[in-house]
Structure formats: structure tokens, C-alpha cells
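Undergrad: What follows is a predicted structure for the sequence shown.
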Amino acid sequence: MKHLRLTGALLGACLVLAGGAQAADQVKIGILNTIGDIAVLIADEKGYFKQEGIEAELIAFDASAKMIPSLGVGDLDVGGGATAASLFNAIDRKIGVRIVADKGRTEPGYVYQSVMIRKDLITSGRFKSYADLKGLKFAQGAAGVGPWSVLNEAAKKGGVPYASIEKMYLPFPQQVAALQSGAIDGSIMNEPYKTIVAEQGLAVEFQPTEEFFSTYELSLLFFGDKFRTERKDVAHRFMKAFLRASRDYNDALSNGRWRTDGGADEVIGIFARRTKTPEALLRKITPHAADPDGRVALDSVRRDLAFFQDQGDVSNKALTVADCLDASFAQRAAKELGPYVRRK
């Protein structure tokens with residue numbers, strides 16, 4: 001009898017142990033394989049998602065707008081990208097997506113985004129000031145995207161009607177060739193492309209956009225509504241892992257540049273490895289800023305939304321940033337992680 005009781009006890013213990021080994025929660029994450037994805041890549045590479053019981057599946061997209069339908073129906077849980085008319089229109093139409101945190105932004109001292117002007121226009125004297133934007137051809141990846149709002153602010157600074165600037169739709173890689181051929185005159189350009197065109201002698205950095213559009217939200221984190229409302233605990237754990245990684249990214253920065261004491265080596269190595277970007281190029285670029293608590297620069301998003309509404313790209317004039325934002329996940333995760341202290 002003793003033998004039977006012992007066997008039963010051991011069997012019970014095994015069942016308890018087996019029951020305690022819960023399967024990880026799957027989370028599908030849309031990425032663009034740009035530097036704006038750095039916190040997601042760090043969290044995946046360093047095992048932060050696994051530590052939160054999450055099995056992360058990273059799915060590459062070539063445009064953030066293409067993530068929105070998948071987020072709306074629940075085929076994608078997490079996404080990210082710049083502000084765009086398509087994002088605001090999707091929220092207005094109850095497609096099922098919300099902005100939940102900052103992924104990357106400009107800040108004073110972080111010269112990640114600039115007004116780039118074709119070099120021959122500078123050297124010839126054709127372009128000297130913001131007033132000379134009139135009549136130029138500027139390119140961005142698509143219509144209704146955030147950098148057009150930035151260009152609008154540059155035009156205001158020069159007293160130039162936004163409508164007087166010709167718009168073309170080309171992704172950054174094609175803009176490099178277009179600058180070389182003279183097909184475009186300028187761009188609101190991000191890293192690493194602004195470094196690439198400057199090194200190739202194709203364009204000159206006229207001014208960083210921080211001069212006229214301070215603390216601009218370059219990239220935002222999105223949650224699909226099904227993930228946000230039906231899997232709240234998983235969404236919270238995702239956010240904790242994401243903010244841990246965002247803080248690691250901040251640890252790699254010093255005064256708007258990569259640290260030069262070796263403190264940036266791990267972060268640069270992760271991005272280079274995961275995106276096949278040459279490490280030598282990454283070390284040349286100016287990194288973007290990122291809020292270690294995931295706080296969104298609301299004034300930036302408000303200005304973009306107002307611009308899209310003024311242009312007629314977002315038809316609902318009553319839509320507000322509050323309608324588009326759920327900051328609760330970032331706020332809770334930041335509170336649980338405690339105040340951010342930059343690593344020495």
C-alpha cells in the first residue's frame with residue numbers, strides 16, 4: 001500500500017508540474033525593418049518577450065499602411081509606423097487600431113530628420129532659404145504621410161504656400177536615384193538615407209526639421225483592438241518587454257549620438273545583424289530619440305492630424321488625437337518598471 005501511495009503522490013506531482021508549464025502566448029508583430037523597429041528587435045534578440053511568456057512572430061511589411069487592415073481584423077496584433085491619413089481614417093471608421101506608445105522621434109540634438117536639398121541647387125545659389133522652396137519638386141513615399149506635414153511647416157517658415165511645392169511619390173531608395181538624375185529637388189529625409197545622399201554628394205542638409213517642428217513623432221506603436229481589448233494581459237506583458245528594450249536603446253545614446261565608449265555596440269550589432277545593414281553605416285548616422293516610458297509627443301500627432309484634416313485627407317474634422325490613443329499600457333508598464341535611469 002505504501003508503494004502505491006508513493007507512486008500516486010509522484011504521479012500527482014508530475015501532473016502539477018506538467019500543468020504549470022504553460023505554452024507561450026503568440027503575438028504577431030508587424031515591422032518595417034527600419035531603425036524605428038529597434039526596440040522590437042532588441043526585445044526579441046535579448047529574450048525579453050520570452051521572459052514575459054510571449055512567442056513573438058515578426059512579420060515584415062514594406063509600408064505601415066498595409067498593416068492597418070490586418071490589425072483591424074486581428075491577423076496582426078502589433079504594428080507601427082509614422083502618422084498617416086490612412087491611420088486616422090481607419091480609426092475613424094472603427095477598423096480597430098490604436099496608437100499605444102512612442103517608437104521613435106526627433107528631439108533637440110537628435111538630427112535624425114532633415115530638409116535635404118539637391119547639391120547643385122545649393123552650390124548654384126538657386127536655393128538659399130526656406131522661401132526658395134517655392135516651385136521645387138519634393139518626394140515622399142506616398143500621399144497622406146507625416147513628412148508632408150513637416151514640409152508644410154517648412155513652407156510656412158519661408159512664407160511659401162504649401163500648394164506651390166510639387167509633390168512626387170517615391171520611397172527613400174528611389175529618391176537617391178532621383179536626386180542623382182535631377183528628377184527631384186529635395187526631400188524631408190531620415191537616416192540612413194540622408195547620410196547616404198550627403199556622402200555621395202547628391203544632396204546637402206539645409207536644416208534639421210527640429211528647427212521648425214520640434215519633437216516630431218517619427219514612428220508610433222500600434223495595437224489592434226482585438227489584442228488591446230481581448231488579450232489585455234498579453235498586451236501588457238508585450239509593452240513591458242518593449243519598454244525594457246527601449247530603455248536599452250536609450251542606454252546606447254549620449255547627447256544625440258551613439259555612445260563611443262562601447263555602450264552602443266550591442267544595440268548597433270543587433271540592428272545590423274537583424275536587418276543586414278552595414279555596421280559601418282549605422283555608426284555614421286545620427287540615431288533618433290525614443291521615450292523610455294513610451295510617452296507619445298501629443299503636440300506632434302495633433303499637428304499632423306490637423307494638417308491631414310486641412311488637406312481633406314481626413315474627412316472627419318471632429319476626430320481628435322484622444323480618439324486615436326490608448327496610453328494605458330505604456331503608463332502601466334512604465335510604472336511597474338520604475339523610473340528610467342540611464343546606464344553609466
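TA: Received the coordinates, thanks.

Undergrad: was I right about Leu179 contacting Asp120?
TA: No - counting by C-beta atoms under 8 Å, Leu179 does not reach Asp120; the two are 9.8 Å apart. For glycine as for every other residue, the C-beta is placed from the backbone atoms N, C-alpha and C.

Undergrad: Please say which of these two ends up with more neighbours.
TA: More crowded of Leu179 and Asp120, by other C-beta atoms under 10 Å: Leu179, with 27 against 16.

Undergrad: What's the separation between the more buried one and Ala235?
TA: Per C-beta to C-beta, to the nearest Å, Leu179 is found 42 Å from Ala235.

Undergrad: and if you look at Lys137?
TA: Note on Lys137: its distance to Ala235, by C-beta to C-beta, is 43 Å.

Undergrad: what's the answer for Leu325, then?
TA: Between Leu325 and Ala235 the computed distance is 15 Å (C-beta to C-beta).

Undergrad: Compare the two (neighbour count), which wins?
TA: The neighbour count for Leu325 versus Ala235, taken as other C-beta under 10 Å, is higher for Ala235 (24 against 17).

Undergrad: How is the protein divided into domains?
TA: 25-106+216-337, 113-211 (automatic domain parsing).

Undergrad: start to end distance for the first one?
TA: Okay, so that is domain 25-106+216-337. 21 Å (C-alpha to C-alpha, to the nearest Å).

Undergrad: now the last one
TA: Start to finish, the residues bounding domain 113-211 are 11 Å apart (C-alpha to C-alpha).

Undergrad: would you list every one of the strands in the chain?
TA: 25-31, 54-60, 78-81, 97-105, 113-118, 137-140, 166-169, 186-190, 203-208, 217-224, 253-254, 257-258 (DSSP state E).

Undergrad: quick one, what contacts the spatially closest residue to Val176 that is not a sequence neighbour?
TA: Among residues not flanking Val176 along the chain, Val197 sits closest, at 5.8 Å (C-beta to C-beta, 6 or more residues apart in numbering). Contact analysis of Val197 by C-beta atoms under 8 Å, 6 or more residues apart in numbering lists Met116, Gln175, Val176, Leu179, Met189, Ala203.

Undergrad: I'd like the distance between Val197 and Arg302.
TA: Using C-beta to C-beta, Val197 is found at 31 Å from Arg302.

Undergrad: With Thr123 instead?
TA: On the measure of C-beta to C-beta, Thr123 and Arg302 end up 38 Å apart.

Undergrad: What of Val40?
TA: Val40 is 26 Å from Arg302, by C-beta to C-beta.
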